[in-house]
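S.K.: compute the structure for the input listed below.
(4 chains)
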Amino acid sequence: MPHLSHAPIVPDQVTAELAGEADGAVVTFVGRVRNHHAGRSVVALAYSAYEAMADAATAAIVAEAMARWPVRVAVVHRLGDLAIGDVAIVVAASGGHRAECFAATSWVVDEVKRRVPIWKRERYGDDSEAWVDPTAPAGTIPVQG
Amino acid sequence: MPHLSHAPIVPDQVTAELAGEADGAVVTFVGRVRNHHAGRSVVALAYSAYEAMADAATAAIVAEAMARWPVRVAVVHRLGDLAIGDVAIVVAASGGHRAECFAATSWVVDEVKRRVPIWKRERYGDDSEAWVDPTAPAGTIPVQG
Amino acid sequence: MTTYRVLLFARYAECFGAESLDVQLPAPATVADLVLALRQLPGGELLPPQPLVAVNLTQVVSDHPLAPGDEIALLPPLAGG
Amino acid sequence: MTTYRVLLFARYAECFGAESLDVQLPAPATVADLVLALRQLPGGELLPPQPLVAVNLTQVVSDHPLAPGDEIALLPPLAGG
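M.R.: Predicted coordinates:
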């Protein structure tokens, strides 16, 4: 399954392709578009990526997780225009024991945020837009652009 | 949503009813029927429950989790005859921050196993059957019944 | 004597060949008294000395007092999740 | 002089009004040399002193040496997940 999707993501489809008959546990993280961010009302957003690198970086994270824990891992990140409540990312780990699935899923989410070149442009209730910069100090006015 | 289901459980339906527009994170645990247990080949199983108490105990766990973390929690446990790969339980926590959702989901799964009166009868490759006793020492021959 | 109805599930229902049993005990009675009486019945020898017991949908300890009308249940080792 | 093509994304593409730029640098050049040159261009004043840079799909540090034909990309702060 490709790691980037321009179409809506269905979490159950991601996990259906992942879990084998020997696996008793699947832990899934779903990141959804919230209606607020840093105190502002969000009405929509768009994700864009450096797609070749985003796919390679995500594949590397998946491989590292599967080397570290006895699990299988799937990651799909949405790109394009999203509405409130839409699924932005699904990370799932399937395996024999739930503790390993929880650990792997949580770690992969952190690594995707840290390493995968994807950008988010939010649109706010007053029709302004801004690029989201998670490295900016809290309370910083978003970069208008 | 009731906590016990005699029909197949669709994880995405459980989370769809749970997540609000302010929630950015949903963590889901899905327990599935494995094709093996304690070294034996499993071909099917049946879950039964003391339904009134199972529902009340699960509701209590959900309420405790929601008091402890700022999340919403859903739990649905399957009852009746299940095949390999079928969903046995879904636990999901939805909230603003993923760390709390991971913590709540993991805790709820542990508590359900510890407190909810549900029983599992496995059928094996040789057509024998046994009640599963998680308190039995590893390697114990399952109780034939 | 007071009559208590005891709900049986899963393996314990199979031990006694019934989904419930009526047990008569002199008042006041505790969960421990009830378990002792059950273990004397045919099939009761298959029970552990301290099975899980729920009263009115809540797990209780063995010195829990029983009252007429309590919903009492004998619970085999839990295997949900 | 060697010509390096630099891919631009998201806010950095807006800063320069382009999705890629060609930059000429005397060889041997490092990522730091490239960033310095980019900051001299119109729009480059909006770049931070040490933006994230990827070479051949991998993030690199500022003293990473550049080679002709490298796929170089300037990455705004990551916001996926």
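S.K.: and the helices in chain A?
M.R.: All helices of chain A, identified by DSSP state H, fall at A:11-16, A:51-68, A:98-115.
S.K.: the residue in chain C that chain D sits nearest to: helix or strand, and which one exactly?
M.R.: Here chain C gets closest to chain D at one residue, C:Gly81, 29.2 Å apart by Cβ to the nearest Cβ. C-beta: built from backbone N, CA, C; applies to glycine. Element membership for C:Gly81, per DSSP states H and E: none, as it lies in no helix or strand.
S.K.: correct me, but it touches B:Arg32?
M.R.: No - contact criterion Cβ atoms under 8 Å: C:Gly81 and B:Arg32 do not qualify, at 11.5 Å.
S.K.: circling back: and the helices of chain A as JSON lines, adding mean pLDDT?
M.R.: Below are the helices of chain A laid out as JSON lines (pLDDT from 0 to 100):
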{"stretch": "helix A:11-16", "mean pLDDT": "95"}
{"stretch": "helix A:51-68", "mean pLDDT": "98"}
{"stretch": "helix A:98-115", "mean pLDDT": "98"}
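S.K.: just name the most buried of those.
M.R.: Most buried of the helices of chain A, by mean neighbour count (mean count of other Cβ atoms under 10 Å in any protein chain shown): helix A:98-115, with a mean of 21.
S.K.: near chain B, which residues of chain C? Just list them.
M.R.: C:7, C:9-11, C:14, C:54, C:57-59, C:71, C:73, C:75-81 (Cβ under 8 Å from any Cβ of the partner chain).
S.K.: make a PyMOL selection of the buried ones in those residues.
M.R.: Selection command for PyMOL covering only the buried members of the residues of chain C next to chain B, criterion 16 or more other Cβ atoms under 10 Å in any protein chain shown:
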select buried, chain C and resi 7+9+10+11+14+54+57+59+71+73+75+76+77+78+79+80+81
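S.K.: how close does the nearest residue to A:Tyr124 once chain neighbours are set aside sit to chain D?
M.R.: Distances taken as Cβ to Cβ, 6 or more residues apart in numbering or on different chains put A:Arg40 closest to A:Tyr124, at 5.1 Å, once the chain neighbours are dropped. Separation of A:Arg40 from chain D (Cβ to the nearest Cβ, to the nearest Å): 15 Å.
S.K.: need the pLDDT of A:Arg40.
M.R.: Looking at A:Arg40, its pLDDT stands at 92.
S.K.: give the bridge partners for A:Leu82, please.
M.R.: A:Leu45 (DSSP bridges).
S.K.: same question for A:Ala130.
M.R.: A:Glu122, A:Gln144.
S.K.: burial count for it?
M.R.: Neighbour count for A:Ala130, taken as other Cβ atoms under 10 Å in any protein chain shown: 19.
S.K.: ends of stretch C:53-65, what's the gap?
M.R.: Start-to-end span of stretch C:53-65 (Cα to Cα, to the nearest Å) is 12 Å.
S.K.: chain center to it, what's the gap?
M.R.: 9 Å (Cα atoms, centre = their mean, to the nearest Å).
S.K.: just the mean pLDDT for that stretch, thanks.
M.R.: 98.
S.K.: cool, stretch A:132-142 as well?
M.R.: Rounded mean pLDDT across stretch A:132-142 is 76.
S.K.: from B:Pro2, how far out is the residue of chain C found nearest chain B?
M.R.: Taking Cβ to the nearest Cβ, chain B has its nearest neighbour within chain C at C:Gly80, 2.9 Å off. Remark: distance between C:Gly80 and B:Pro2 (Cβ to Cβ, to the nearest Å) = 15 Å.
S.K.: ok, for A:Ser48, nearest residue in space, not its chain neighbours?
M.R.: Per Cβ to Cβ, 6+ apart, closest to A:Ser48 is A:Trp119, 5.3 Å.
S.K.: buried sites along the longest helix anywhere in chain C?
M.R.: As assigned by DSSP H, the longest helix anywhere in chain C is helix C:31-40. Using 16+ other Cβ under 10 Å as the test for burial, helix C:31-40 gives C:31, C:33-35, C:37-38.
S.K.: mutual contacts of C:Gly81 and B:Arg32, please.
M.R.: B:Ala88 (Cβ atoms under 8 Å, 6 or more residues apart in numbering or on different chains).
S.K.: now render the helices of chain A as TSV, adding distance to chain C.
M.R.: Below are those laid out as TSV (distance: least, Cβ to the nearest Cβ, whole Å):
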stretch	distance to chain C
helix A:11-16	18
helix A:51-68	24
helix A:98-115	9
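S.K.: circling back to that earlier point, helix or strand right after the longest helix of chain C?
M.R.: strand C:52-55.
S.K.: C:Pro26 contacts C:Met1, doesn't it?
M.R.: Yes - with contact defined as Cβ under 8 Å, C:Pro26 counts as touching C:Met1 (5.8 Å).
S.K.: low-confidence stretches in chain C?
M.R.: Applying pLDDT under 70 to chain C picks out no residues at all.
S.K.: how distant is stretch A:53-71 from the center of its chain?
M.R.: Worked out by Cα atoms, centre = their mean, stretch A:53-71 lies 14 Å from the chain centre.
S.K.: please put the alpha-carbon coordinates of it into PDB.
M.R.: In PDB, the C-alpha atoms belonging to stretch A:53-71 read as follows (Å, rounded to 0.1, in the frame of the first residue of the first chain):
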ATOM      1  CA  MET A  53      11.100  11.800   0.000                       C
ATOM      2  CA  ALA A  54       7.900  11.500   2.000                       C
ATOM      3  CA  ASP A  55       7.300   8.000   0.700                       C
ATOM      4  CA  ALA A  56      11.000   7.000   1.200                       C
ATOM      5  CA  ALA A  57      11.100   8.400   4.700                       C
ATOM      6  CA  THR A  58       7.900   6.700   5.700                       C
ATOM      7  CA  ALA A  59       9.100   3.400   4.300                       C
ATOM      8  CA  ALA A  60      12.300   3.700   6.300                       C
ATOM      9  CA  ILE A  61      10.300   4.400   9.500                       C
ATOM     10  CA  VAL A  62       8.000   1.300   8.900                       C
ATOM     11  CA  ALA A  63      11.100  -0.800   8.300                       C
ATOM     12  CA  GLU A  64      12.800   0.400  11.500                       C
ATOM     13  CA  ALA A  65       9.600  -0.300  13.500                       C
ATOM     14  CA  MET A  66       9.300  -3.800  12.200                       C
ATOM     15  CA  ALA A  67      13.000  -4.400  13.000                       C
ATOM     16  CA  ARG A  68      12.500  -3.200  16.500                       C
ATOM     17  CA  TRP A  69       9.200  -4.900  17.400                       C
ATOM     18  CA  PRO A  70       7.600  -8.200  16.100                       C
ATOM     19  CA  VAL A  71       4.800  -6.400  14.400                       C
END
